[in-house]
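Student: output the structure for:
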Amino acid sequence: MVLNYIWIAFFVIAFVFAVIGLLMGDTTIFEKIVASTFDSSKTAFETSLGLTGVLALWLGIMKIGEKAGAVNALARLLSPVFTRLFPEIPKNHPAMGSMFMNIASNMLGLDNAATPTGLKAMAQLQALNPKKDTATNPMIMFLVLNTSGLTIIPTTILAFRASYGAAMPTDVFVPILLSTSIATLAGIVLTLLWQRTNLLQPALLGLLGGIIGFVGLLIWGFGQMDKDTMGTVTSLAGNMILLSIIIVFILAGMWKKINVYDAFIEGAKEGFTTAVRIIPYLVAILVAVGVFRASGAMDMLIGGIRWMVEQLGMNSDFVGGLPTAFMKPLSGSGARGMMLEAMKSYGADSFVGRLSCILQGSTDTTFYILAVYFGSVGIKYTRHAVACGLLADLIGTIGAISICYLFF
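Tutor: Numbering: from 1, shown residues only. Presented below is the predicted three-dimensional model:
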């Protein structure tokens, strides 16, 4: 229901701004908006098409791990931790293993591996759902963990900074880690509160404290490395983990004497059908975002915020990075484009250039994830998923701006 109102709002706002633009003499405004609908729908299809191979590969690998018992073993290992966040999921359920693999892939910046495992986890959660058109509490918590976008190794952002001539591309690494940790912890706490979970449970407090301690240890460890060593370690770690998952699952399948090839084909077929199933949801959300941008509403919003900040006598340097923050919940590629535009216009080592990179890494694409993950299992009523996801995004954005001022 919430998505319905948001989707309508994008088009209504775009139409209003188009009329205003026409009255002000821009005779091409409607042409730009209509062109954006075609471009966005094409992008949605190409995105889904690009996911097909990756989905087929990873869901095939996941099927091998599932039949070999590796996913169940992982679920049993994580049960003490995940039962605190997902108390409604039966103990040792395979969804635990799938969710962990998804979250681990996101933490390592392995987007291509994260989406298939996330869709697999959502399908397993849907199997437990008594109301197939309504999101359950575990689904919402899992979605918020994705939208808050905890990323330990922001490989892509560091690579873009290097290509844009940053003197030290890795100087945003610790700020990104801090801001994304803030967003993730905020998302967890907000969702638990919304779902009326008692936060004062010793086990739950220990879990949240453990997350903070783990992130702090990683910050300390990477802080001991120079930029070249950090780049080598992050790249090597990500690739080794991915290859290790594939090899371990295949070996487990051989140990259990299952037909590994047939299991892979069975899972790969699921990947293809999933990629086709999410096309309408991608078209819907990306066309709405494209229309909103083409109407000039985004530019007007940024200009208004800058004026208000200056009228209050505050430093407005951060406003130049806000387009990335506003686009991130709507479109990952759109936010990436805003980040690159900021580095091109202001410089990779400018305050705005660095801030845009931190904002890009602090959260994930809330509406994209919501459309793809919930759309893949036919969820229509999202309950408090949007509110919790956007509140986590807001806290992450405020944290990113504050941290950027602190560091730079």
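Student: list the helices and strands the longest helix along the chain packs on?
Tutor: Looking across the chain with DSSP state H, the single longest helix is helix 29-68. In terms of contact count using 3 or more C-beta pairs under 8 Å, 6 or more residues apart in numbering; DSSP states H and E, helix 29-68 is assigned the packing partners helix 2-23, helix 70-85, helix 94-107, helix 111-127, helix 227-255, helix 260-277, helix 279-294. In this view, the C-beta of every residue, glycine as well, is placed from N, C-alpha and C.
Student: out of those, which gets nearest to K380?
Tutor: If you check each of the helices and strands packed on helix 29-68 against K380 by C-beta to C-beta, helix 2-23 wins as the nearest, at 8.5 Å.
Student: run the chain-centre distance for that closest one.
Tutor: Taking the mean C-alpha point of helix 2-23 and that of its whole chain, the gap between them comes to 25 Å (C-alpha atoms, centre = their mean, to the nearest Å).
Student: what residues of it count as buried?
Tutor: Buried residues in helix 2-23, counted by 16 or more other C-beta atoms under 10 Å: L3, I6, W7, F10, F11, I13, A14, F17, A18, G21.
Student: quickly, which of the helices and strands packed on helix 29-68 bottoms out on average pLDDT?
Tutor: Confidence, taken as mean pLDDT, is least for helix 70-85 of those (a mean of 70).
Student: is P130 in a helix, a strand, or coil?
Tutor: What DSSP: H, G, I helix; E, B strand; the rest coil gives for P130 is coil.
Student: and it, how many neighbours does it have?
Tutor: Other residues within reach of P130 by the criterion other C-beta atoms under 10 Å amount to 6.
Student: look up how far I395 lies from it.
Tutor: Using C-beta to C-beta, to the nearest Å, P130 is found at 32 Å from I395.
Student: if we can go back for a sec, pipe the buried residues of helix 2-23 into JSON lines and attach distance to K328 per row.
Tutor: Below are those laid out as JSON lines (distance: C-beta to C-beta, whole Å):
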{"residue": "L3", "distance to K328": "17"}
{"residue": "I6", "distance to K328": "15"}
{"residue": "W7", "distance to K328": "18"}
{"residue": "F10", "distance to K328": "16"}
{"residue": "F11", "distance to K328": "21"}
{"residue": "I13", "distance to K328": "19"}
{"residue": "A14", "distance to K328": "19"}
{"residue": "F17", "distance to K328": "21"}
{"residue": "A18", "distance to K328": "24"}
{"residue": "G21", "distance to K328": "25"}
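Student: now for those residues, which pair is the farthest apart?
Tutor: The farthest-apart pair in the buried residues of helix 2-23, when distances are taken by C-beta to C-beta, is L3 and G21, at 26.8 Å.
Student: for L190, list the residues it contacts.
Tutor: Under the criterion of C-beta atoms under 8 Å, 6 or more residues apart in numbering, the contact partners of L190 comprise V144, C388, L391, A392.
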